[in-house]
Structures are given as structure tokens and as C-alpha cells.
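Undergrad: Build me a model:
(2 chains)
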Amino acid sequence: MAPYLPILILMGLAFAFTLLVTMVTFILGPKKPNATKLSPYECGIAEITPPQRRFPVKYLVTGMLFIIFDIEAASLLPLSILMKRLGVTGLLELVTFVAILLIAFLYVWRKGAFTWE
Amino acid sequence: MLGQTDLWLLSPEIAMTGLALLVVVLDFFVKRKAIISIVSIAGLAVPAACATWIAVTDNRTITGFYGMLRVDNYALFFDFLFILIGAGTVLASYDYVRLYMKNAGEFYALMLFALVGAMLMASTGELITIYIALELTSFPLYVMAGMLRNSVPGDPGSASRSSEAGIKYVLLGAMSSAILLYGMALLYGTTGSTDLGEIARALTSIGKGPDSLVLLLAEVFIFAGFGFKISAVPFHMWAPDIYQGAPTPGTLFFSVASKTAGFAALIRVFVDGGLFSASSFYLWGLIGVAAVLSMTLGNVVAIAQTDIKRMMAYSSIAQAGYILVGFTALAFNPSSASASTNSAMLVFLAVYVISNIGAFAGIIALANATGGERVRDFDGLVRRSPALALGMSLCLLSLAGIPPFAGAISKIFIFITAWQGGGFLPFIVIIALLNSVISLVYYAGVVYRIFVAPPPREDRLRVSPALTAAMTLSVIGILAATVFFQPLLLAGKMGALDLFGFLTLASK
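TA: The predicted structure follows:
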């Protein structure tokens, strides 16, 4: 506990200082609000379309597929480094792993997840 | 290095995975969906043969992959149960999938993948593997819950309810997984190992103190995580909505597979991991409360249901409560003397699975013929389809525990062994008996409707061959379990003894 006490004190001081500065500006600062000041963007042109727009669900599919094959590649790397020591068993494991993912790949292909339009 | 024994012990799971992948590949090329169903059900013979091969080998090694895999009689008991579930689900879902679902192959493949996870859950003695297996079981279930893309004719809201069920299941399932994983992490932090044998050994040296408080937290979290899977109160909230919203064959599969796998892993972790023996707190009190609440809430709320699937959801919550009575007895008296309680639980699960498959086959058959899934759609079923009415009634009465059927024997057996545990257990058993009476109101209520109420229409319902086969399988199963209760009990006992044998082995 003892070696962490100064850190705790520092944290407390930082927190108190932040609170103090915020309070002081909040109390003493001049307040003259108008419509422009209260809008989300004070400068620039008025927005043409709402910023929260819908984006195509295709991105989601692509993203998920990317993660799957990314992890496949990430799992192959350590195996390839150890391949000499793992021998035939390791190779068979690798082939099984890739074969299972190949079936998944075929499935995704047949379902048309790779066609963008 | 990977040995041949390891692969041999894993062969049922490997065969099941191979079958699931075969179904996925067949789905690309085969136009006739009937072939996929036939392959799915015939292919189950391969994992069954592998499991049998392991079972009949004398003096076999039972651990593989450095102790991660533990294929004892307990695991084999559940392996056969899961294969039975697979066969029942394929038969019961054949027509529904063909009529209402576009993706027949995917449904079966997902079911088989879930079964791989379920089998692995029962046959591993290592926390991380249990977690991976649990996720492997759960993910396909989430997808199956939301698989009804187009509404069933006659029920326009069914597709959106199915999507809702899928989303709810994913969110709540993720939550429960997180809780379970946190419990496992705390257990690992306390004992320094994820292997159940090592945990049991480490726990013998933990006395009272801060460690035992963390241990209690770990136990409660793990119980909560598995409690979600077995839908025990207070972790049952998901069950009614998801049972109702999911396509009915999916509901059948959740109600048996998720629950059985959950109990398999729950009992394994608490008994093999020596959590009961080590707990210095009154863990059995907590589990007893969960058991009493599950039974009471399940049975009382089931009476008020008008949708048959919701009713079955509450019924399954109550059934989980009955099994938890046995689990409370295990927690109260965690020695090999409880092996008979444990075998009673295993047998109860087996009979529950068989009866529930039949009951859901009846629900699906009626829904396929009339489009109705409400309780009052069963009015006068005996005049519209006598065979279906008789089979459905038999399954419901077995679930209710009416003598002389197997459901009654297994329930009485679980109560007697719990009663003998002494302490406060007789009180819980009395509450359980009262609950059995309450449960008669809704089980017998449906049977009353089937036989006495006037039918809405005087016609003959056509029941397809596949559903007839599922119902026949279930009825024969119930009758066989009634007549050959002794061998079934012996199988359960062998499994239970293996579990406790491991505990005594680990404590040496």
C-alpha cells in the first residue's frame, strides 16, 4: 500500500484541480448564449444531410469475413514456424484446419457474400 | 505430441464434426432436401458407433490431450443422449424445415455443430475447454432461434418474433457467458489451475479466509452461468420468449440439448472440481433456493399460459428445478454416497429428453396440420388424430410424472435419494412433491382438452411419416425406459460412479 500512497495523493490533487477550474469558469465566466453558439457546429456551412446516416449492411458481412480469414492467417503463422518440429502430425493438423475453413469459404461463396451488388 | 489414443477418445466428436461439414457441403450440390435430412440422421450412426466402440473397450484409458479430454462413462452416457437428441430433432423437424425454412441444410448443420459442442461439454475436465465447448453449443442455437425468415402461414408475426428471439438469445447468452467466464477466472485465481483434478487437489488445502470468499463468488458465478443454460430461476427470463419465438424444431432442440449440456457440465465442474467439498459456506442453501424457486415459478406460471410453447418453456424451467433438487442433495452431501442421487439426476435427464422430444413432435405435428400453437388448438385432438393424441398424452403424462410411466419412476427416484440426504432436504422434497401436484393442472389440462373438449372442426389430421417416427421413437423410448428402468439406472450409476471415483482419485 505504502509505495502507492503518493500516486493516490497525486490522483486526488489532479481531480480536485480539474474540478476547481471547471467550477470557477462555470461560475465566473460570462454567459451570452445565442442560437449559433448553441448549435453543434459553431463554424462552417449548415449540414446538408443528417450526420447519422445508414450505411450498407454489406460492410458488416465483409468485416466479419475479414476477421475470420485474418484469424486463419494469424493461426497459420506460428504453425509454419514450428512446422519442422511438429512433423507430419503438425502438417495433418494444418491440412485439417485449412480444409474446415475451406468448407466455410465455399459456403460463404455459394451464399453470394462476395458479390458486392 | 498427438497420440492415437487421443484421437480415438475424441472420435465421436470428430465423426460428428465430419457429419456436420458433410451436411454443409451436400447443401451446395443436392437439390432434394430430403437427402440432406436422411444423411443427417443416418450419419448419426457413425458417432454412435465410435462412442459404442469406446464404451465396450475394457480397461481403456479415459483421459486424452493431457487430461483435457475425459471420456469416462459419464461422458459416454451424455454422448448417447446427445445422439438421441440429434435423431429426434431431425425426425421432428423434417416437415417443418421443408415447409417453412429456406435453409434446410444449414438448420441440420447448425444442429450437428451444437451437438459437437454439447458432447465435448460432457467429456472434458478442463475449464477453458468447457467454455469453448459451451460457446460451440450456444452459437448455433442463437442462429437457430432466428432462422425463421418468412412467417409461417396463419401466423404473420412469427418471422419477426423469431428475429427477436435470436437477438435476445445472443445478448442474454453473451451476458451469461461473461458471468461464467468470470467465475472460472476467479476459480483459476484461487487454485492456480484450469484442470478440474488440479482444482480439486488445490481446494483441499484452502481453509476459511479471503480465499474461501473468492471461492464462493466463483461458485456462484459458475452456477449462474450454467443456470442460464439450464434455465433455472432466477436465470430463466430468456426461456419463454425464446421458446415461443424460435421455430418449433429449434425450440425442441433448445429445450433438450441446451439443458442436458448445461447439466452435464455443471455437475462435472462442481463434483469433479471438488467445489462442493471445499465450500465452507452454505452453497447448498443457495442451490436449494434456486431449486425451489424454479419448480414453483415454472409450475405456477405454466398454468396461466395460452401458448403451448410458452407452457413448455415454463414446464422445462420446472423440470430443471426437479433436477436441481438432486443437485442440492449433491451439494449438501458431497461424498460418493451421493452417487445414487447423481445417477437419479442422469436418468431423470434421459427420461425428460425422451418425453420432451415426443411432446414437441406432437406440437409440431399439430402446427403443421392446423397452423395453431395455442393450448386450445389441442381441443378434441383425439377425434381428429387418435394416434397423435395418444402419443402426445403419454409424453405429457410422463413429463408430469404420472405412474406408471418412466417419468414417474425417475422423479420418485430423484426425490427418494434426495430425502435420504437428511438435513433440510426432506423439506425441499415436500415442496417438490407439492409442485408435482401443481404441474398436473397444466399437463393434465392439455390431456383433458385432447380427450374431452369438443374439436373445433370434425376432420382427420394428416401426420407425416417423419413426425410419426419421432413420436413412435419417443413413445417406445418412454415405454422401454419404464420396463427397462433398471438397466438405464445402471448406466446412470456407472456414469455417476466414474465422476465420484475421479474425485477420490484426485484427493489422494
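Undergrad: pLDDT weak spots in chain B?
TA: Along chain B, segments meeting pLDDT under 70 span B:1-2, B:206-210, B:278-281, B:336-337, B:502-508.
Undergrad: and the residue of the stretch 251-400 of chain B found nearest chain A, what is it in contact with?
TA: Nearest to chain A, among the residues of the stretch 251-400 of chain B, is residue B:253, at 20.9 Å (Cβ to the nearest Cβ). For every residue, glycine as well, the C-beta is placed using N, CA and C. Residue B:253 is in contact with B:85, B:89, B:93, B:111, B:114, B:141, B:144, counting by Cβ atoms under 8 Å, 6 or more residues apart in numbering or on different chains.
Undergrad: Moving C-terminal from the helix or strand of chain A with the lowest mean pLDDT, which element do we reach first?
TA: None of the helices or strands of chain A scores lower by mean pLDDT, DSSP states H and E than helix A:35-38, at a mean of 75. Where DSSP states H and E defines the elements, the next helix or strand beyond helix A:35-38 is helix A:58-81.
Undergrad: same for that following helix, what does it pack against?
TA: On a contact count with 3 or more Cβ pairs under 8 Å, 6 or more residues apart in numbering or on different chains; DSSP states H and E, helix A:58-81 meets helix A:83-110.
Undergrad: Just the angle for the helix it packs on relative to helix A:58-81, thanks.
TA: On the basis of axes from the mean of the first three to the mean of the last three Cα atoms, to 10 degrees, helix A:83-110 is oriented at 160 degrees to helix A:58-81.
Undergrad: and chain A, which of its residues are near chain B?
TA: Residues of chain A lying close to chain B (Cβ under 8 Å from any Cβ of the partner chain) are A:89, A:93, A:100, A:103, A:106-107, A:110.
Undergrad: Would you write a ChimeraX line that selects the buried entries of those?
TA: To isolate the buried ones among these in ChimeraX, judged by 16 or more other Cβ atoms under 10 Å in any protein chain shown, type:
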select /A:103,107
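Undergrad: Would you format the residues of chain A next to chain B as TSV with distance to residue A:31 and pLDDT included?
TA: Formatted as TSV, these follow (distance: Cβ to Cβ, whole Å; pLDDT from 0 to 100):
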residue	distance to residue A:31	pLDDT
A:89	74	84
A:93	69	86
A:100	65	90
A:103	66	91
A:106	65	89
A:107	61	89
A:110	64	86
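Undergrad: a markdown table please, covering the residues of chain A next to chain B and showing distance to residue B:19.
TA: Output for the residues of chain A next to chain B, formatted as a markdown table (distance: Cβ to Cβ, whole Å):
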| residue | distance to residue B:19 |
| --- | --- |
| A:89 | 24 |
| A:93 | 20 |
| A:100 | 13 |
| A:103 | 13 |
| A:106 | 17 |
| A:107 | 16 |
| A:110 | 19 |
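Undergrad: so where is chain A shaky, pLDDT-wise?
TA: For chain A, the stretches flagged by pLDDT under 70 are A:1, A:40-47, A:51, A:117.
Undergrad: Break it into its domains for me.
TA: Chain A breaks down by automatic domain parsing into domains covering A:2-38, A:58-110.
Undergrad: So which of those is the most surrounded?
TA: Ranked by mean neighbour count, the domains of chain A are led by domain A:58-110 with a mean of 12 (mean count of other Cβ atoms under 10 Å in any protein chain shown).
Undergrad: related to what we said a few turns ago, so the residue of the stretch 251-400 of chain B closest to chain A belongs to a helix, correct?
TA: Yes: under DSSP: H, G, I helix; E, B strand; the rest coil, residue B:253 sits within a helix.
Undergrad: ok, so what distance separates it from residue B:195?
TA: 31 Å (Cβ to Cβ, to the nearest Å).
Undergrad: Likewise for residue B:294?
TA: According to Cβ to Cβ, residue B:294 and residue B:195 sit 31 Å apart.
Undergrad: For those two, indicate the residue with more neighbours.
TA: residue B:294 (29 against 22; other Cβ atoms under 10 Å in any protein chain shown).
Undergrad: Work out for me the element the closest residue to that one other than its chain neighbours sits within.
TA: Take residue B:294 and drop its neighbours on the chain: the residue closest to it by Cβ to Cβ, 6 or more residues apart in numbering or on different chains is residue B:321, 3.1 Å away. Assigned by DSSP H and E, residue B:321 belongs to helix B:308-332.
Undergrad: so how far is that helix from its chain's centroid?
TA: Helix B:308-332 has its C-alpha centroid displaced from the chain centroid by 11 Å (Cα atoms, centre = their mean, to the nearest Å).
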